[in-house]
Every structure is written in structure tokens, then in C-alpha cells.
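Visitor: Coordinates for the following, if possible.
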Amino acid sequence: MAIMLASGGCAQIPDQTAAVQASDDPASLQQARAVAGERASVQRLRLVDVPAAAGPARDLFNGRDLADWGGWLGYPDPALTYRQDPAARPIGTGRDMSDDFAVRTVDGAPAIWIKGETWGSLVHQADLADYHLRLEFKWGERTYAPRLTQPQNNGLLYHTHGMPGAVWGTWSPSAEFEIMRGSTGMVVMVGTELRGRTTVGYDPSLIEPHLRYQLGGREVDMINGTPTWNVEAATDAERPVGEWNTLDLYVVGDRAVHVVNGVPVAEVKDLATIAPDGTRRPLTHGRIQLQSEGAETWFRNITVEPIKTLPRIVAE
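Guide: Okay, the predicted model is just below:
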């Protein structure tokens, strides 16, 4: 589902015509077959052994303001994000962000509003480890260039670490629970120094890299800028635009499980950072980011509770 990146970050999503063309590219499909080994099959997955909370839950959104959250913005023109222009400078924290991130009332209750016009993220200050995070999101009405004709896009980034804007001037290194129409729950490595392993099959209906999460599939190491930089969710479990969706992220140590509206759609293990000497170091904690990436988005009921074990994904 993307243009492969030369280095870290999320990806631009081509329009639907480009997607069809990419799926018909024999070279990229051959590469996907070599990576995955087997074609992805349709799987009905469910979650078992769901852990009980090991302590009290707490709200990461207080319903009043953005206390404990901080914003970071990328380039004034988001089209510059992937161009590696040495003259381009991100906004960072250099302007008032009340027109980018705010608390507003929607459907009769307070929610975090992310405008989406300028790319960046809203980052919570808590350093989280071994947790179950639950939130609700729904799409707003507005989309912005350069993604006007592309699927609405956002993301829940976790195990965030490093400097703000270290990835494309816009995000911090992290693993991503993708929030995008048709792909919510996809796993993405945000940054070139991230790694994570999952199991896949190849799916020619997807655009490059044509990889879909497959329980029992071939294990791959996800590396940004390579043919394994992302892995599509097992299925599209998102509700229609305008309805609220519930996301559950279970994280214990360097492993995570992605769940969309009660449906498990992906898992990742061996999350790690790569040191300058090439050493792989387990990535077991970090902050969360709510992305701003071209689409108006609402978030509410963001809670986190400690857990000691992960749920398992099984096939019916």
C-alpha cells in the first residue's frame, strides 16, 4: 500500500489508478513472492487469552484540555516531507498550534481534534511499557493536499523515542499502528533505525510491497526503505466514515498486537532499535503519538492499563 521510501518515515499513498498499476508490476510482485513465499489466504482471526489488567486504568485524555500532550509540526508544505530538501525547515514548535490540535465537542462529548492540514503529531509525555491502550477515533469531514484524492490517513505511533522530527522532520522514531481508510491496523516501522518481525503472505491486490499479515506465514524483518517496510492488516475491520472505531493496542516488552473493532489484524515481535555499530537493541517502551497526516480526525476515550501478558491471535 505505498511508495517504498528511501529512508525512514511513513509513506505517501498513490491514487487508486497508481495502486492498480503497482499491483500489476511483475517485478514488484515477483519480489513480494520471494519475500513471502506463499500467497496470503483469507483468515478469520480472533483474540484469545486476553489479559486482565494488572493495575488501575488511567486516562491519557482528561476531556478538558491537552495537558500532558505536546505538538510537533513538520514542513509548512507537507509535499516537501519526502523530498529530503536540505533547505527545508520544519515548523517544530515554532508557532501556536491551537488551530492544529485542540479539544472540541463532537457527538455531544469532548474529543481531541486534529486538523490534519499540516503534518506532524500530538505526543503524550508518558513513557509507557507493558500496557493495553484503548482509544476511539473517527474521521472528520476535511482532507488536505497533497492527499486530497487519497485515503484518509493518520496513525497511532507507539514506543516513540529519540528527537522530535527526527524522521522526515515530522515524526519521532516509533512503531506504527496505522490508521488509514482500508488499512487500519497495518504495521509500519517509522524510521530507518527501527526493526520488527511479523509473519506475512503476498497479496497482489495490494500496492507495493504487496505484503499482508498472515498468521502462520513466513517471518520477515520489517526495515524501512526495503521491500519489507510495512505489512498490511490481515483484514479491513474499520467501520464506515462518520462512525467511531475502537482500537486496542496490547504491548508487552518488544511485542505488540493490533486490534480494530475487536478484530485482531496484526502482531509484531522483536521490536528493536539499531545502534550505530549495528547492534540490535530491544525496544520495550516509549511515548505515543497521534499523527496529523492530511485528514481531519477525532480521538476520544484514550485509556491505558498495565498488563503482564499478551493476548494470542488464533484462526477460526
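Visitor: The closest residue to Ala88 other than its chain neighbours: neighbouring residues, count only.
Guide: Counting by Cβ to Cβ, 6 or more residues apart in numbering, Ala88 lies nearest to Leu80, which is 4.8 Å off, once chain neighbours are set aside. Quick note: C-beta positions are derived from backbone N, CA and C, even for glycine. Residues lying near Leu80 (other Cβ atoms under 10 Å) number 20.
Visitor: Thr309 now?
Guide: 13.
Visitor: Need the per-residue pLDDT for the residue nearest to Ala88.
Guide: Leu80 is assigned 96 on the pLDDT scale.
Visitor: Check the one 10 residues further on too.
Guide: Pro90 is assigned a pLDDT of 97 by the prediction.
Visitor: name the element it belongs to?
Guide: Of the helices and strands defined by DSSP states H and E, none includes Pro90.
Visitor: didn't it look like it was pressed against Pro78?
Guide: No: contact criterion Cβ atoms under 8 Å: Pro90 and Pro78 do not qualify, at 10.5 Å.
Visitor: just to revisit the earlier point, for the residue nearest to Ala88, grab phi and psi.
Guide: In terms of degrees, to the nearest 10, the main-chain angles of Leu80 are phi -80, psi -10.
Visitor: which stretches of the stretch 51-200 of the chain aren't confidently modelled?
Guide: Residues of the stretch 51-200 of the chain meeting the criterion pLDDT under 70: none.
Visitor: all helices of this structure, in order?
Guide: 16-23, 26-36 (DSSP state H).
Visitor: weakest of those by average pLDDT?
Guide: helix 16-23 - the lowest mean pLDDT of those, at a mean of 37.
Visitor: need the contact list for the nearest residue to Asn154 once chain neighbours are set aside.
Guide: In this structure, Asn154 finds its nearest non-sequential neighbour in Ile179, 4.3 Å apart by Cβ to Cβ, 6+ apart. Ile179 sits next to 137, 153-156, 247, 291, 297 when contact means Cβ atoms under 8 Å, 6 or more residues apart in numbering.
Visitor: ok, Ile179 to Val259 distance?
Guide: 13 Å (Cβ to Cβ, to the nearest Å).
Visitor: Find the residues that touch each one of those two.
Guide: Joint contacts of Ile179 and Val259 (Cβ under 8 Å, 6+ apart) are Leu247.
Visitor: So the nearest residue to Phe137 once chain neighbours are set aside versus Tyr213, what's the distance?
Guide: Using Cβ to Cβ, 6+ apart and skipping the chain neighbours, the partner closest in space to Phe137 is Phe299 (5.1 Å). Using Cβ to Cβ, Phe299 is found at 24 Å from Tyr213.
Visitor: Of the two, which one has the most company?
Guide: Tyr213 (28 against 22).
Visitor: Bridge partners for the more buried one, pull those for me.
Guide: Val200 (DSSP bridges).
Visitor: Contact partners for it?
Guide: 187, 198-200, 231-234, 265-267.
Visitor: Out of those, grab the one that's most surrounded.
Guide: Result: Val231 is most packed of those (other Cβ under 10 Å), 30 neighbours.
Visitor: and it, what pLDDT?
Guide: 98.
Visitor: isn't it right up against Gly196?
Guide: No: here Val231 does not reach Gly196: they are 9.0 Å apart, not a contact under Cβ under 8 Å.
Visitor: Need the overlap of contacts for these two.
Guide: 187, 222.
Visitor: What is the burial count for the nearest residue to Leu60 once chain neighbours are set aside?
Guide: Once flanking residues are discounted, Leu60 sits nearest to Ile302: 4.4 Å by Cβ to Cβ, 6+ apart. When neighbours are defined as other Cβ under 10 Å, Ile302 has 24 of them.
Visitor: Kindly provide the distance from Ala67 to Val103.
Guide: Distance from Ala67 to Val103, by Cβ to Cβ: 10 Å.
Visitor: higher neighbour count, the two?
Guide: Val103 (17 against 9).
Visitor: Report the contact partners of the more buried one.
Guide: Val103 touches 63-66, 110-113, counting by Cβ under 8 Å, 6+ apart.
Visitor: what bridges to it?
Guide: Here Val103, judged by DSSP bridges, has bridge partners Ile112.
Visitor: Mind listing what's buried along stretch 223-243?
Guide: 223-224, 227-235, 237-238 (16 or more other Cβ atoms under 10 Å).
Visitor: Regarding it, how distant is the last residue from the first?
Guide: Across its full length, stretch 223-243 reaches 33 Å between end residues, using Cα to Cα, to the nearest Å.
Visitor: Done for today, thanks.
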